[in-house]
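[1] Got a predicted structure plus its sequence, pasted below:
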Amino acid sequence: MTAPSELDDSFHVFDTTLRDGAQREGINLTVADKLAIARHLDDFGVGFIEGGWPGANPRDTEFFARAQQEIGFRHAQLVAFGSTRRAGTTAAEDPQVRALLESGAQVITLVAKSHDRHVELALRTTLDENLAMVRDTVSFLKEQGRRVFVDCEHFFDGYRANPEYAKSVVRAASGAGADVVVLCDTNGGMLPAQIQAVVGTVLADTGARLGIHAQDDTGCAVANTLAAVDAGATHVQCTANGYGERVGNANLFPVVAALELKYGKQVLPEGRLREMTRISHAIAEVVNLTPSTHQPYVGLSAFAHKAGLHASAIKVDPDLYQHIDPEQVGNTMRMLVSDMAGRASIELKGKELGIDLGDDRELVGRVVERVKERELKGYTYEAADASFEILLRTEVQGKPLRYFEVESWRAIVEDRPDGSHANEATVKLWAKGERIVATAEGNGPVNALDRALRVGLEKIYPQLAKLELVDYKVRILEGKHGTSSTTRVLISTSDGTGEWSTVGVADNVIAASWQALEDAYTYGLLRAGVAPVE
Ligand SMILES: CC(=O)SCCNC(=O)CCNC(=O)[C@H](O)C(C)(C)COP(=O)(O)OP(=O)(O)OC[C@H]1O[C@@H](n2cnc3c(N)ncnc32)[C@H](O)[C@@H]1OP(=O)(O)O
Ligand SMILES: CC(=O)C(=O)O
C-alpha cells in the first residue's frame, strides 16, 4: 500500500470526524473510540485526520499522545486543531498555540476569523490585530517546522459583508506560509452556485491554495464541496457519515466516491473505495449510531430496488437503474418484494436467494399475486425477507415448508393482587410423528410462547438452541379502530452468524407474534440445513 510520504499532495482528502464530527449532539467519544475511528480512516486511505483540539480537554491531549505511539499510520497524517493566538499576546507565549506544538502533530489547522463582524463582536479586537494574529501564528508554527492549514471561519458570510477584508485574511495566511487556506461555510447557509463563484474569484484574486469546509445546514454540504472543487479548491474537509456540529458536515463518503467515480480523480490509494461501505458502518458502530439506511453509496437501501418496472429493466441490465456498480463501493444490489413488485422482482429475488424458478411464468405470477394479497392484509415482505422466502419455497414446492405442525397454543397473563404479572404459555405441536406439549413462563406472553416453543422443539431440533430473538416491533395498522385494529409484528432472530426477519399479522398482538415466531423458527431450521418434513 502507499505510504503517507508517497501520497500525491496535489489534492487533499482531509477528515475531521474526530474534531468537527465529535461536535455533533449525541456523540461522545472516548480516547479508545477516537483511536478506533482513526484506524478506520487510515485504513480507508484519507490523507489527513484531524484528531481534535489538544489542550482544550484532557481527552484530546491524551488522544494525540497515544495515536502517535499506538497507530502505525499507513496513509494519513495526524492533524492538531486550534485557533490563532489571542489578541494582545505573541504566538510563542500563547498557551493554546504551545499545546498545538506539544501535541507532536506535524500538521496543524488554525481556525481564524475572516468575517469583520466576528472580529469586532466575538474577538473584540481590531481588524488589523486579527490579521496580525493570523500572520504571527502561521509564521511561528512554520518556523517550528509544522505544515499549517488555516480554516477561515465564516468565510462566505464574511465575503458577502466585506469581500476585501475576507480576502485580506486569505492573503495574510498564505503570505505567512500557510500551505492551504480553507474557506469555511461555518453557518452552512450557502448554495453550490454561490460557493463556486466565490471560490473562483478568491482563487483568481489571491493565488492561494484553497480548501473547502462545508457545514450541511442547507442540505448542500456535499454539493458545495464539489462546487468548490469545480472552482479550483484542492483540499476537501469532510466527516465520516456527515457527522458534525448541528446537522453535520460534508459527508466524506459521497464526496470521495464522487471524486473517484464521477470526476475520475484518484484520491484514495488503489482499491480502498471498495472498502467504503464496511468502513462507514464500522465507524457508525464506534460512535454508537445506527447507520443511516438511506445514505448515498453506503446505505443498506442505496441499491435496493422496490418498483416492479425497475426490476424488469434491471433483469436485462442493472445499469439501467443504477448510477454505479454497487461493488465499486463495497455495497450490494438488493431486490425488495412488496405489493409494488412484478414478475421480474420475484425472478430477481429468487436468484438472490438461490431458488430456481425456471421459466415458470405461472408460478411467478402466482407468487406476485400471493404477495399482493398478503400485503393488502398488512404483511410487509420488504422488511421480512425470511417470511418471503418461506412463502416462495411453499409456492415452488406446492406445499407448506414445515418442520412442525401446530395443534394449538395458549398464552395466559395473570394479574396478581400485588400488581405483578405472571405470564405462562402452553404449545401443543406435532414434529416427526411425535406429539409435544410444552409449557413455559416468560417475562411477557410472547416471551412465554417463545420459550414454550423452544422447550418443545429443542429435543427434536437441537439446532434451535442457538437462536435468539434480537428485535421485536409492533405496529397498529388501522389506528382509528382502536383495540380492534390489525396488528403487525416484525421479529428479528439471530443464530450468531446471521440475522433474519419475519412477519405476522392478526387482529391481536399475541396471534401476530405467534405467526412471526413460527416463521422465525422455520427459517432458523432451513438456514441450519435441516430437511423439512415431507
Ligand atoms: C467553527 C468551529 O467549529 S471552530 C471549533 C470550535 N471547537 C470548540 O470550541 C471545542 C473546544 N473548545 C473548548 O474547549 C473551549 O472553547 C476552549 C478551551 C478552546 C476555550 O475555552 P475558554 O478559554 O474558556 O474560552 P471560551 O470558549 O469561552 O471562548 C473562546 C475564546 O476564544 C476566542 N477566539 C475565538 N476564535 C478565536 C480565534 N480564531 N483566534 C483567537 N481567539 C479566538 C474568543 O474570542 C474567546 O475569547 P475570550 O475568552 O477572551 O472571550
Ligand atoms: C472550522 C469549522 O469547523 C467551521 O468553520 O465550520
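    Arrived safely. Ligands and ions are numbered 1, 2, ... in the order given.

[2] okay, CA-based contacts and neighbour counts for the rest of this
    OK.

[3] Residue in the stretch 151-300 of the chain with the shortest distance to ligand 2?
    Proximity of the stretch 151-300 of the chain to ligand 2 (Cα to the nearest ligand atom) peaks at T186, 3.6 Å away.

[4] got the contact list for that residue?
    Going by Cα atoms under 8 Å, 6 or more residues apart in numbering, T186 touches E153, H154, F155, H213, A214, Q215.

[5] could those residues go into TSV alongside pLDDT?
    TSV is the format used below for those (pLDDT from 0 to 100):
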residue	pLDDT
E153	98
H154	98
F155	98
H213	98
A214	98
Q215	98
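
[6] Among those residues, which are located in strands?
    Of those, the ones assigned to strands by DSSP state E are E153, H213, A214.

[7] Touching, the first one and D116? I think so.
    What it means is E153. No. Using Cα atoms under 8 Å as the test, E153 is too far from D116 to be in contact (11.0 Å).

[8] one step back: kindly reformat the ones in strands among the contacts of T186 as a markdown table and extend each row with neighbour count and distance to ligand 2.
    Output for the ones in strands among the contacts of T186, formatted as a markdown table (neighbours: other Cα atoms under 10 Å; distance: Cα to the nearest ligand atom, whole Å):
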| residue | neighbour count | distance to ligand 2 |
| --- | --- | --- |
| E153 | 23 | 4 |
| H213 | 28 | 7 |
| A214 | 29 | 7 |
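
[9] Closest one to ligand 1 out of those, please.
    E153 (6.0 Å).

[10] Kindly report the residues of this structure close to ligand 1.
    Residues of the chain lying close to ligand 1 by Cα under 6 Å from any ligand atom are A56, S83, T84, R85, R86, V111, A112, K113, A122, L123, T186.

[11] ok so, going back, among the contacts of T186, which two are most distant?
    F155 and Q215 (12.1 Å; Cα to Cα).

[12] before we move on, the earlier item: name the nearest of the ones in strands among the contacts of T186 relative to Q106.
    Distances from Q106 to those, taken by Cα to Cα, are shortest for H213, at 20.7 Å.

[13] And the strands in the stretch 101-250 of the chain, which stretches?
    Taking DSSP state E, counting those that start in this stretch, the strands of the stretch 101-250 of the chain run over residues 107-113, 147-153, 180-185, 210-214, 235-238.

[14] For L100, which of those is the nearest?
    Evaluated over these, closeness to L100 peaks at strand 107-113, with 7.3 Å, by Cα to Cα.

[15] Residues contacting that closest one, please?
    77-84, 100, 119, 130, 134, 146-155, 169.

[16] Paired strands for it, with orientation please.
    Paired strands of strand 107-113, with direction, are strand 77-83 (parallel), strand 147-153 (parallel) (DSSP bridges).

[17] Buried deepest among the ones you listed, which one?
    strand 147-153 (a mean of 26; mean count of other Cα atoms under 10 Å).

[18] Tell me what angle it forms with strand 210-214.
    Here strand 147-153 runs at an angle of 50 degrees relative to strand 210-214 (axes from the mean of the first three to the mean of the last three Cα atoms, to 10 degrees).

[19] so how far is strand 147-153 off the chain centroid?
    Chain-centre distance of strand 147-153: 28 Å, with Cα atoms, centre = their mean, to the nearest Å.

[20] Could you list the alpha-carbon positions for it in PDB?
    Below are the C-alpha coordinates for strand 147-153, written out as PDB (Å, rounded to 0.1, in the frame of the first residue of the first chain):
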ATOM      1  CA  ARG A 147       2.700  22.200   8.000                       C
ATOM      2  CA  VAL A 148      -0.100  24.700   8.500                       C
ATOM      3  CA  PHE A 149      -3.700  24.800   7.200                       C
ATOM      4  CA  VAL A 150      -5.800  27.900   8.000                       C
ATOM      5  CA  ASP A 151      -9.600  27.400   8.400                       C
ATOM      6  CA  CYS A 152     -11.200  30.800   7.600                       C
ATOM      7  CA  GLU A 153     -14.300  30.600   9.800                       C
END
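
[21] How about residues contacting it?
    Under Cα under 8 Å, 6+ apart, the answer for strand 147-153 is 106-115, 138, 141-142, 169-170, 173, 177-186, 213.

[22] tell me the angle of it relative to strand 180-185?
    Using the same axes, to 10 degrees: strand 147-153 against strand 180-185 is 20 degrees.

[23] tell me which residues form a beta bridge with the residue of the stretch 351-500 of the chain found nearest ligand 2?
    Ligand 2 sits closest to D471 of the stretch 351-500 of the chain, with a gap of 37.8 Å, by Cα to the nearest ligand atom. Counting by DSSP bridges, D471 is bridged to S492.

[24] For it, give me its contacts.
    Contact analysis of D471 by Cα under 8 Å, 6+ apart lists L490, I491, S492, T493.

[25] Please report the distance of it from ligand 1.
    37 Å (Cα to the nearest ligand atom, to the nearest Å).

[26] i'd like the first residue to be 426 from this point on
    Fine by me, first position is 426 from now on; the one you just mentioned is D896.

[27] buried residues in the longest helix along the chain?
    Across the chain, the helix with the greatest residue count (assigned by DSSP state H) is helix 934-952. By neighbour count with 16 or more other Cα atoms under 10 Å, helix 934-952 contains the buried residues 934-951.

[28] same thing with stretch 626-636?
    V627, L628, A633, R634, L635, G636.

[29] CA atoms only: put it into PDB for me.
    This file holds the C-alpha atoms of stretch 626-636, laid out as PDB (Å, rounded to 0.1, in the frame of the first residue of the first chain):
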ATOM      1  CA  THR A 626     -12.900  34.800  -7.500                       C
ATOM      2  CA  VAL A 627     -10.800  34.300  -4.400                       C
ATOM      3  CA  LEU A 628      -8.500  31.900  -6.200                       C
ATOM      4  CA  ALA A 629      -8.000  34.300  -9.000                       C
ATOM      5  CA  ASP A 630      -7.500  37.300  -6.700                       C
ATOM      6  CA  THR A 631      -5.200  35.800  -4.100                       C
ATOM      7  CA  GLY A 632      -3.400  32.900  -5.900                       C
ATOM      8  CA  ALA A 633      -3.500  31.000  -2.500                       C
ATOM      9  CA  ARG A 634      -4.000  27.200  -2.500                       C
ATOM     10  CA  LEU A 635      -7.700  26.900  -1.400                       C
ATOM     11  CA  GLY A 636      -9.600  24.200   0.500                       C
END
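
[30] what is the rounded mean pLDDT of that stretch?
    Averaging pLDDT along stretch 626-636 gives 98.

[31] now do stretch 547-556
    For stretch 547-556, the per-residue pLDDT averages 97.

[32] end to end, how far does that stretch reach?
    15 Å (Cα to Cα, to the nearest Å).

[33] in the stretch 576-725 of the chain, which ranges drop under the pLDDT threshold?
    Judged against pLDDT under 70, the stretch 576-725 of the chain has no low-scoring part.

[34] ok, which residues in it are in contact with ligand 2?
    Of all the residues in the stretch 576-725 of the chain, those in contact range of ligand 2 (Cα under 6 Å from any ligand atom) are D576, E578, H579, C609, T611.

[35] Turn those residues into TSV, including distance to A457.
    What follows is these, written out as TSV (distance: Cα to Cα, whole Å):
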residue	distance to A457
D576	27
E578	30
H579	32
C609	29
T611	29
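
[36] List the contacts of S705.
    A665, N666, F678, P716, V723.

[37] Sort out for me which of these are in helices.
    Going by DSSP H, the helices hold F678 from the contacts of S705.
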